[in-house]
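Engineer: Task: produce atomic coordinates for the following.
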Amino acid sequence: MRSLLYVSVLFSLTVRLHAQNVIYRRYYHGDDMSLIGGQAKGFCEDNFCSVAVDAASPGQKSVVGVVQMVIPAKHLGPKDRKAILAHVSGSSNTRQLLSSVKKIIGHIYFVKVADNWQRMGIAKNLLAETFREIGRTEPRVVAMFLHVSSSNQGAIALYEKSKFIKIRSESYGTSGALTRKSSLSSPVRPLTYSFPLCSLRFHLDLFPSRADARFTVDSNSLNLFFSNFWVRSLQADLL
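Structural biologist: Predicted structure coming up:
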């Protein structure tokens with residue numbers, strides 16, 4: 001059995017999974033992002049990132065996994081916002097709770113695990129700890145969102161396991177700046193998923209998860225209970 005040790009300081013709640021020798025926490029200036037890529041380091045200096053760190057590395061600074069986020073989201077259209085909030089505000093009790101706070105939605109830009117550290121459950125654990133801390137420390141954040149290409153089956157599997165809910169799909173062309181590969185001839189179909197973390201004393205049922213992309217997630221809770229493929233709100237157990 002994995003032994004979990006929680007040490008909380010603001011968002012720097014640290015979870016050490018001894019079986020993997022990995023620490024989950026917030027990104028700190030000076031963390032070594034070489035296994036992830038230079039782009040991630042630049043992003044995390046100016047935005048909100050949570051990381052998985054090799055506990056055996058010098059100073060425990062070698063990052064092996066990262067979730068990059070912008071809170072509140074900077075680019076969210078009214079249609080997407082309405083669709084996300086519709087999932088968050090599913091029940092009358094949830095709507096009553098959410099009406100008392102200013103609703104903030106965050107954007108997950110990127111989820112990545114270093115090549116040699118994949119298939120160890122790190123991405124799933126990192127997302128879980130990220131949402132737990134957002135719920136603990138940012139009570140006004142009611143959802144997080146991201147998009148993922150329908151061809152990225154690994155990412156879709158990850159997000160489904162992490163209790164994300166697909167709220168709609170869209171088709172985009174592959175010309176211009178929308179793609180890196182000019183040779184693509186078929187449209188890329190990003191899927192939008194929603195993951196409601198429950199707000200205040202709530203838990204919303206969401207569903208599943210696994211690798212790189214962008215998505216929608218509810219965040220506002222201490223404990224989350226999920227059921228696959230469907231969204232429903234439940235009275236949370238009080239801690």
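
Engineer: Excluding chain neighbours, what is closest to G30?
Structural biologist: K61 (6.4 Å; CB to CB, 6 or more residues apart in numbering). Every C-beta, even on glycine, is put in place using the N, C-alpha and C of the backbone.

Engineer: Give me the local confidence score for the one you found.
Structural biologist: Looking at K61, its pLDDT is 93.

Engineer: tally of neighbours for it?
Structural biologist: K61: 14 surrounding residues under other CB atoms under 10 Å.

Engineer: cool, and V22?
Structural biologist: Residue crowding around V22 was assessed by other CB under 10 Å; the count is 23.

Engineer: what pairs with it across the strands?
Structural biologist: L17, D54 (DSSP bridges).

Engineer: mind listing the helices for the protein?
Structural biologist: Using DSSP state H, the helices found in the chain span residues 38-46, 78-88, 92-98, 122-137, 153-161.

Engineer: Identify, out of these, the most deeply packed stretch.
Structural biologist: Ranked by mean neighbour count under mean count of other CB atoms under 10 Å, the helices of the chain are led by helix 122-137, which reaches a mean of 22.

Engineer: Tell me how confident the model is about that helix, as a mean pLDDT.
Structural biologist: 88.

Engineer: Now do that helix: which elements does it pack against?
Structural biologist: strand 14-17, strand 22-26, strand 48-54, strand 63-70, strand 104-113, strand 141-149, helix 153-161 (3 or more CB pairs under 8 Å, 6 or more residues apart in numbering; DSSP states H and E).

Engineer: Any chance of a markdown table for those, columns distance to R132?
Structural biologist: A markdown table is the format used below for the helices and strands packed on helix 122-137 (distance: least, CB to CB, whole Å):
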| stretch | distance to R132 |
| --- | --- |
| strand 14-17 | 9 |
| strand 22-26 | 10 |
| strand 48-54 | 10 |
| strand 63-70 | 12 |
| strand 104-113 | 14 |
| strand 141-149 | 12 |
| helix 153-161 | 16 |
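
Engineer: Which one of those lies nearest to A83?
Structural biologist: strand 141-149 (9.3 Å; CB to CB).

Engineer: I'd like to know which elements that closest one is packed against.
Structural biologist: Judged by 3+ CB pairs under 8 Å, 6+ apart, strand 141-149 is in contact with helix 78-88, strand 104-113, helix 122-137, helix 153-161, strand 190-194, strand 216-217.

Engineer: Output these in JSON lines, with distance to M69 appended to each entry.
Structural biologist: Formatted as JSON lines, these follow (distance: least, CB to CB, whole Å):
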{"stretch": "helix 78-88", "distance to M69": "15"}
{"stretch": "strand 104-113", "distance to M69": "5"}
{"stretch": "helix 122-137", "distance to M69": "8"}
{"stretch": "helix 153-161", "distance to M69": "14"}
{"stretch": "strand 190-194", "distance to M69": "15"}
{"stretch": "strand 216-217", "distance to M69": "10"}
